[in-house]
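In: This is a predicted model, with the sequence first.
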Amino acid sequence: MTEVPSLIGMVVREARTVGHRAGVVVTSADLDGPPLGALTWPGTWVVTAQRPPAGTRLARWDTVVIEFEEVPGDQDAAPDD
């Protein structure tokens, strides 16, 4: 068993890393859709909700579903020259 970390407020990339270190798989609600990395690029996306909540005990490598929003005006793409 492992404890679900608090991911709300983190950039999605960071939330995935924190989840992995805690022993859970962080994913979007649509498990049959595009991978999380494809859904959150380009730009900066922040976790706004998670299920189950932080502190919940799960079997190792169970799924934590996140919701996320893009930070307006913030792009990870390289600037035009």
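Out: Great, that's in hand.

In: tally of neighbours for the residue nearest to G43 when sequence neighbours are not counted?
Out: Nearest residue to G43 in three dimensions, chain neighbours excluded: E70, at 4.8 Å (C-beta to C-beta, 6 or more residues apart in numbering). The C-beta positions use only the backbone N, C-alpha and C, and glycine is treated the same way. By other C-beta atoms under 10 Å, the residues close to E70 number 14.

In: ok, E70 touching P42?
Out: No: between E70 and P42 there is no contact under C-beta atoms under 8 Å: 9.4 Å.

In: circling back: tell me the contacts of the residue nearest to G43?
Out: Applying C-beta atoms under 8 Å, 6 or more residues apart in numbering, we find E70 in contact with T40, G43, T44, W45, V46.

In: And for W45?
Out: Taking C-beta under 8 Å, 6+ apart, we find W45 in contact with V11, V12, L39, F68, E69, E70, V71.

In: What's the ChimeraX syntax to select whichever of these are buried?
Out: What follows is the ChimeraX syntax selecting those of these that are buried according to 16 or more other C-beta atoms under 10 Å:
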select :11,12,68
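
In: Farthest pair within the contacts of W45?
Out: L39 and V71 (14.6 Å; C-beta to C-beta).

In: so of the contacts of W45, which ones are in strands?
Out: The strands, defined by DSSP state E, take in F68, E69, E70 from those.

In: for G19, helix, strand, or coil?
Out: Assigned with DSSP: H, G, I helix; E, B strand; the rest coil, G19 falls in the helix class.

In: Verify the contact between it and V25 for me.
Out: Yes: look at G19 against V25 with C-beta under 8 Å: they come within range, at 6.8 Å.

In: Need the residues touching each of these two.
Out: Listed contacts common to G19 and V25 are V64; contacts here mean C-beta under 8 Å, 6+ apart.

In: So between the two, which is more surrounded?
Out: Per other C-beta under 10 Å, whichever of G19 and V25 has more neighbours is G19, with 23 against 15.

In: Can you report phi and psi for the spatially closest residue to that one that is not a sequence neighbour?
Out: Excluding its sequence neighbours, the residue lying closest to G19 (C-beta to C-beta, 6+ apart) is V26, at 3.8 Å. Main-chain dihedrals, V26, degrees, to the nearest 10: phi -90, psi 130.
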